[in-house]
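# turn this into a structure:
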Amino acid sequence: MIAYCSQRINYEYGHVLTHAKFSDLELSGANEMKTAIKPGDWIRLTPLWPGIWSVSRILSGFKEDQWSLDAPLKTSERVIVFCHRVVNDSWKRSFSHECCELSHVRPLDFEDGRHIEALLSSDNKLRTAFERYRAKRNTIDLIANIAFGGLTTETATNFADLCNEMLADRIGTGMTLREVLLVLREHGLDQHRKEIPQQVTLQLTSTNHELRGHEFVFTRYRALGF
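Numbering: from 1, shown residues only. This next block holds a predicted model:
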């Protein structure tokens, strides 16, 4: 069993992404009209998170990780939008940093766009604080959790040591998910990924959704006892 999620770093969803494809992207609104979304645009993330958000990064054209070595890599149809919130729906300061799929993004209407621009132009304290926040809170990690079951008591007890043996000397330079799955297969763990009840978990971290070419690359790991 494998689970995927994005994690805030505050904050804690690093390396600077150097291979991502940045481009204008299109989304369909409720009225079926298509609007280009690009970094710097003001948006809403209704109904996920209220307030006014600024797009900081758009990630597309990446390969969708396959959780089987027998499955071919395919270019994802998903588009991930990274953004920072400046105010809530009451137009009060409410800083936050999130990422979500493009389908959750809605462009601001004309009046809200004028309102946020006027607010930041007139409130130097808010604008400066927001700029500092964006500079400081600018990474969201991608987390992959690979769960195992059906292990012997000895293997489960020594799982952390086994993870160190498999990954400690390799992951620092970055490993794709396929490379990790190959190592798991070499150590006889691949067959235990779908076993229940779950006993232990290998957690992989891709710092700031780092890419090598078009594949996510993981540079950290943890062995979890559940």
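# so who does Leu120 touch?
86, 126-127, 130 (CB atoms under 8 Å, 6 or more residues apart in numbering). For glycine as for every other residue, the C-beta is placed from the backbone atoms N, C-alpha and C.
# now those residues in JSON lines, with neighbour count and distance to Leu189?
Listed next are the contacts of Leu120 as JSON lines, based on neighbours: other CB atoms under 10 Å; distance: CB to CB, whole Å:
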{"residue": "Val86", "neighbour count": "25", "distance to Leu189": "45"}
{"residue": "Leu126", "neighbour count": "16", "distance to Leu189": "51"}
{"residue": "Arg127", "neighbour count": "14", "distance to Leu189": "51"}
{"residue": "Phe130", "neighbour count": "19", "distance to Leu189": "46"}
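# let's see which of these end up in strands.
Using DSSP state E, the members of the contacts of Leu120 that fall in strands are Val86.
# most widely separated two among the contacts of Leu120?
Val86 and Arg127 (8.7 Å; CB to CB).
# ok so, going back, now pLDDT too, for the contacts of Leu120, in a markdown table please.
Converted to a markdown table, these look like this (pLDDT from 0 to 100):
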| residue | pLDDT |
| --- | --- |
| Val86 | 98 |
| Leu126 | 98 |
| Arg127 | 97 |
| Phe130 | 98 |
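# of the contacts of Leu120, which is the nearest to Cys100?
Val86 (16.6 Å).
# once you drop chain neighbours, what's closest to that closest one?
In space, and not counting its chain neighbours, Val86 is closest to Phe130: 5.0 Å by CB to CB, 6 or more residues apart in numbering.
# residues touching the one you found, list them.
84, 86, 95, 120.
# then Gly172?
Thr219.
# surely Ser206 is in contact with Tyr221?
No. In terms of CB atoms under 8 Å, Ser206 does not count as a neighbour of Tyr221; the distance is 10.8 Å.
# on the three-state scheme, Tyr221 is what?
strand (DSSP: H, G, I helix; E, B strand; the rest coil).
# helix or strand with the lowest mean pLDDT in this protein?
Sorting the helices and strands of the chain by mean pLDDT, DSSP states H and E puts strand 25-28 at the bottom, at a mean of 40.
# closest one of the contacts of Phe130 to His192?
His84 (40.5 Å).
# what number of residues lie near the closest one?
19 (other CB atoms under 10 Å).
# what pairs with the helix or strand in which it is found, parallel or antiparallel?
His84 is part of strand 80-87, with elements assigned from DSSP states H and E. Strand 80-87 has the following strand partners under DSSP bridges: strand 49-59 (antiparallel), strand 93-101 (antiparallel).
# deepest-packed of these, please.
strand 49-59 (a mean of 20; mean count of other CB atoms under 10 Å).
# for it, output the C-alpha coordinates as CSV.
What follows is strand 49-59 as a C-alpha-only set of coordinates in CSV (Å, rounded to 0.1, in the frame of the first residue of the first chain):
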residue,chain,number,x,y,z
TRP,A,49,-9.4,27.4,1.6
PRO,A,50,-11.1,30.8,1.7
GLY,A,51,-9.4,34.1,1.0
ILE,A,52,-7.3,35.7,-1.7
TRP,A,53,-4.2,33.8,-2.9
SER,A,54,-1.2,34.7,-5.1
VAL,A,55,0.1,32.0,-7.5
SER,A,56,3.8,31.4,-6.9
ARG,A,57,4.5,28.4,-9.0
ILE,A,58,2.8,26.1,-11.5
LEU,A,59,4.0,22.5,-12.0
